[in-house]
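Enquirer: Sequence and computational prediction follow.
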Amino acid sequence: MALQDVCHFRDYALPTTPLDFYMPAVECPLQCGTVKNPPPFAVSHGTTTLAFTFRGGVLAAGDTRSTCDGLVANPDSEKVAPIHSHLIGTSSGSSADCTLWKRILTRELRLYRLRHGRRVSTGGAAKLLWHMLLPFKGTDLCVATTLCGWDEGGPGIFYVCSDGTRLQGTLFSVGSGSPYAYSVLDQAVEWGMSTEEAVRVAREAVYRATHRDAYSGNCVDIYHVTSAGWTRREREDLKDEYYREHMAEVDHI
């Protein structure tokens, strides 16, 4: 998972990265000082996450593939996960960074509820995360999340990124597969759609993105947030849909 197009994640010459093991310092023959050799592979990442509101609440979905260049590092990542009973978050960026900040945010929201006796609003959670990430703007930290929740004001979605961005909207798709997902979402998402229609659109958007984007794939996770809380659909393997579609094309020919 990642978001190199948002965070510009290229840390070849940074002295604190795990890649230092592969990049010993050498003296420049032109006497420019100590420089580092390039790594033996490119650090590329990818993901596809999405979220949108409709009359039935908020729907969030994402693929499950974590990659490092051409290597599928983990086919079972949870890029959509609960934060509390009425709030979930999607994760794009560095897997380690996203996991850490999700845990920190979860802890802070629990403390808020203990102090005030109520849940923080979706916008309040987004503002809190934004303030926590803001000091790290311009650093290696790579976190891009969409917070999807239901509070007293109804369904809400906020996009927060470690580059200092905080946006409220009704539809977001984040990651290297997002252009392909948007092509489905922009023409299919409507406020009046039923829950079944919304699930079908989200599933189709992730499927199309994973088919076109090499760094997204494996399975799709779908969460639905309503006034009663979040529910999760059973994880589906996207390769089954791929083979069903292409066998149907062969039969048609």
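Expert: Noted; the coordinates are in hand. The structure presented is a predicted model; accordingly, all values stated were derived computationally and were not measured. Numbers count the residues shown, from 1 in each chain.

Enquirer: what's the spacing between residue 242 and residue 207?
Expert: Residue 242 is 8 Å from residue 207, where distance means C-beta to C-beta, to the nearest Å. In this view, the C-beta of every residue, glycine as well, is placed from N, C-alpha and C.

Enquirer: more crowded one of these two?
Expert: For residue 242 and residue 207, the more surrounded residue by other C-beta atoms under 10 Å is residue 207, and the numbers stand at 23 against 14.

Enquirer: so what does whichever helix or strand the more buried one is part of touch, helix or strand wise?
Expert: Assigned by DSSP states H and E, residue 207 falls within helix 195-212. Counting by 3 or more C-beta pairs under 8 Å, 6 or more residues apart in numbering; DSSP states H and E, the packing neighbours recorded for helix 195-212 are strand 49-54, strand 57-63, helix 178-188, strand 219-226, helix 238-252.

Enquirer: With only the CA atoms kept, save the first one in CSV.
Expert: Right, the one you point to is strand 49-54. Provided in CSV are the C-alpha atoms of strand 49-54 (Å, rounded to 0.1, in the frame of the first residue of the first chain):
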residue,chain,number,x,y,z
THR,A,49,-9.2,2.8,-1.2
LEU,A,50,-12.5,4.6,-1.6
ALA,A,51,-15.4,6.0,0.4
PHE,A,52,-18.7,7.8,-0.4
THR,A,53,-21.9,8.8,1.2
PHE,A,54,-25.4,7.9,0.2
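
Enquirer: Now do it: everything it contacts.
Expert: 58-63, 79-80, 90-92, 146, 148, 155-157, 170-175, 178, 181, 185, 189-193, 198, 202, 205-206 (C-beta atoms under 8 Å, 6 or more residues apart in numbering).

Enquirer: Repeat that for the fourth one.
Expert: For strand 219-226, contacts defined as C-beta under 8 Å, 6+ apart pick out 56-64, 75-76, 78-80, 82, 86-88, 148-150, 155, 195, 198-199, 202-203, 206-207, 210, 230-233, 235-238.

Enquirer: And stretch 49-56, what's buried?
Expert: 49, 50, 51, 52, 53, 54, 56 (16 or more other C-beta atoms under 10 Å).

Enquirer: Likewise for stretch 224-237?
Expert: Buried, per 16+ other C-beta under 10 Å, within stretch 224-237: 224, 225, 230.

Enquirer: Same question for stretch 67-74.
Expert: 67, 68.

Enquirer: Show the end-to-end separation of that stretch, please.
Expert: Stretch 67-74 has an end-to-end distance of 7 Å (C-alpha to C-alpha, to the nearest Å).

Enquirer: With stretch 148-162 instead?
Expert: 17 Å.

Enquirer: one step back: as TSV, the buried residues of stretch 49-56 with pLDDT would be great.
Expert: What follows is the buried residues of stretch 49-56, written out as TSV (pLDDT from 0 to 100):
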residue	pLDDT
49	97
50	98
51	98
52	98
53	97
54	97
56	95
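
Enquirer: Kindly indicate which of these lies nearest residue 100.
Expert: residue 49 (17.7 Å; C-beta to C-beta).

Enquirer: how close does that closest one sit to residue 224?
Expert: From residue 49 to residue 224 the distance is 15 Å (C-beta to C-beta).

Enquirer: Now, of the contacts of strand 219-226, which are buried?
Expert: 56-64, 79-80, 82, 86-88, 148-150, 155, 198-199, 202-203, 206-207, 210, 230, 238.

Enquirer: What's opposite the residue nearest to residue 231 when sequence neighbours are not counted in the beta bridge?
Expert: Excluding the flanking residues, the one nearest residue 231 by C-beta to C-beta, 6 or more residues apart in numbering is residue 224, at 5.1 Å. Applying DSSP bridges to residue 224 gives these bridge partners: residue 59, residue 231.
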